[in-house]
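S.K.: Next comes the sequence, and after it the predicted model I'd like to discuss.
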Amino acid sequence: MGRTGRKRKSKKLSGEDGLYKVVRDTETIELMQWLTRNGWKKEVTLYPTEFSTTGRGLMTKTALKKGDILVKIPFHLLITAHTVCKSEIYDYLDKNVKYDGHEILAFYLVWERHLNKDSFWYPYINTLPQQLSTPLFWSKEPVNLPKFISEEIEGSRNSMKESHNHFLNHIVCKQKVCDHCKLALDEIFNEKDFIWAWCIVNTRAIYIPPEKDLHNISNSLALAPFLDLFNHVPSAQVEAMLIPTENSYQVKTLVPVSKYDQVFIEYGAHSNLKLLIDYGFTVPNNQHDAIALSLDDIYEVIKQVAQVSRVNMSQEKYKFLKQHNLMKKPCLTREGLCWKAMSIVFILTSEITNIKLLESKVYSSLYTPDEINAINTVGAILVQNKIDEFKKHVALFVPTEDDQNAVLAYLKECLDLLSECLEKCK
Ligand SMILES: C[S@@+](CC[C@H](N)C(=O)[O-])C[C@H]1O[C@@H](n2cnc3c(N)ncnc32)[C@H](O)[C@@H]1O
Ligand SMILES: [Zn+2]
């Protein structure tokens, strides 16, 4: 949020989502006035509200029925690749190069933000958070961040840097001085502002059907003012779609919502690790959560438990796992071992070598009680090993700033999931 707004007094209220406070700062009021001036009509009354549980989100002032439209945003208030192509800054990009939707929106956002009040989008940009809680915004490294998390963060940082370099390399006449601020283009598109814009797009963009007639941009992303104030829960039931006949993008609730409750949407079937890296938060009891396993994790346990002679990692079995794509993302879930993990354990411990028979077992999951027992014996040890590993992570991890507490919340959620998983292996 912009820091300059005059804050009006507002009362703290409490409800299902703990304490909440309707946001009535100048920036939010100006956003609503700007939307209305530009043809936006509210469908139901949703207040931007600060919740103690999730931070700023949207609260409904009235009880909502199944099928109520929550918001309808006119096309011309969405920032899409089309918007960028029509803008003056697009003239400074090399048109012979391909750009993706994420980077083109980030690029545009840097430009429009630098125009400040001279940008059409100023009332929107002024309500965007200046600081994000995502890992790319951490100013200090935490102590003993688990390697699998730091690798994910590194992957995210590399994508962002690649996008930034891609633009810097394809801005025509980087030294050109902007009439508005007298800065050169490569100063305007500096890394710090690009990271902010890239993370804003990452955390807030919605998916739209790919736009046509954009020869050098693959785009199915859009920034949607106001709509991007919805927070996420995996259990949210909404339907979002473009309505071409009305020139708008709308979100409908598929379930009733009580008066004064926060209204959530679902950003996608995201695991907590994905939420942590891309959005900077996790949700308790996330039904889409899973803990990744490697073939080595599984193989080591099998060597421990099964008689070595039964561990028959023949070339054929290895080929079988590869050909059937079974080594790609086996995991542990609240329901126990995922079917890929079960299949790997079964294949590596089974005496069966006939490929057709293995295939029919694995794809039907019709295991005998003895086979299930054997899989669960290995499964329980695998899960216990992961529990020990995650307990160590929790004991060693030290956050160096508040936003890094999300990592601790994440690790504890993993431990909860693992203990449910262990029960399923008994
Ligand atoms: C699309 S924005 C939602 C609006 C945002 N809270 C704001 O104030 O502008 C996505 C960001 O909201 C926050 N968020 C969304 N859902 C959340 C939740 N269930 N718990 C905590 N933070 C959440 C995260 O910071 C995420 O990166
Ligand atoms: Zn300028």
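M.R.: Done, it's in. Ligands and ions are numbered 1, 2, ... in the order given.

S.K.: Pull the contacting residues for the residue nearest to residue 240 when sequence neighbours are not counted.
M.R.: Of all residues not flanking residue 240 in the chain, residue 251 sits nearest, at 4.6 Å (Cβ to Cβ, 6 or more residues apart in numbering). Yep, even glycine has a C-beta here, placed from its N, CA and C like the rest. By Cβ atoms under 8 Å, 6 or more residues apart in numbering, residue 251 lies in contact with 69, 70, 71, 227, 230, 238, 239, 240, 265.

S.K.: List just the nearest of these to residue 21.
M.R.: Nearest to residue 21 among the contacts of residue 251 is residue 230, at 17.6 Å by Cβ to Cβ.

S.K.: I'd say that closest one and residue 57 touch.
M.R.: Yes. Using Cβ atoms under 8 Å, residue 230 is in contact with residue 57, at 6.7 Å.

S.K.: And the strands in the stretch 201-350 of the chain, which stretches?
M.R.: For the stretch 201-350 of the chain, the strands defined by DSSP state E, counting those that start in this stretch occupy 206-207, 217-218, 221-222, 231-232, 238-243, 248-253, 262-265, 291-292, 331-333, 336-337.

S.K.: Relative to ligand 1, which of the ones you listed is closest?
M.R.: Among the strands of the stretch 201-350 of the chain, strand 231-232 comes nearest to ligand 1, with 3.3 Å by Cβ to the nearest ligand atom.

S.K.: what's the closest one packed up against?
M.R.: If you count contacts as 3 or more Cβ pairs under 8 Å, 6 or more residues apart in numbering; DSSP states H and E, strand 231-232 packs onto strand 55-60, strand 262-265.

S.K.: Does the last one reach ligand 1?
M.R.: Yep, that's strand 262-265 we're talking about. No. On the criterion Cβ under 6 Å from any ligand atom, strand 262-265 is out of touch with ligand 1, staying 7.0 Å away.

S.K.: CA-only coordinates of that strand in CSV, if you can.
M.R.: The C-alpha coordinates for strand 262-265 follow below in CSV (Å, rounded to 0.1, in the frame of the first residue of the first chain):
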residue,chain,number,x,y,z
GLN,A,262,-13.9,-12.9,4.2
VAL,A,263,-14.6,-14.0,0.6
PHE,A,264,-11.8,-16.2,-0.8
ILE,A,265,-11.0,-17.5,-4.2
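
S.K.: before we move on, the earlier item: who's the residue nearest to residue 240 bridged to?
M.R.: Residue 251 has these beta-bridge partners by DSSP bridges: residue 71, residue 240.

S.K.: Kindly compare burial across the helices and strands packed on strand 231-232 and name the winner.
M.R.: strand 262-265 (a mean of 22; mean count of other Cβ atoms under 10 Å).

S.K.: Dump the strands of the stretch 201-350 of the chain to CSV, plus mean pLDDT.
M.R.: Shown next, in CSV, are the strands of the stretch 201-350 of the chain (pLDDT from 0 to 100):
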stretch, mean pLDDT
strand 206-207, 94
strand 217-218, 78
strand 221-222, 96
strand 231-232, 98
strand 238-243, 95
strand 248-253, 97
strand 262-265, 98
strand 291-292, 96
strand 331-333, 97
strand 336-337, 96
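
S.K.: quick one, which of those is nearest to residue 95?
M.R.: The nearest among these, by Cβ to Cβ, is strand 217-218 at 10.0 Å.

S.K.: Which neighbours in the sheet does that closest one have, and how are they oriented?
M.R.: The sheet places strand 217-218 alongside strand 99-100 (parallel), with pairing taken from DSSP bridges.
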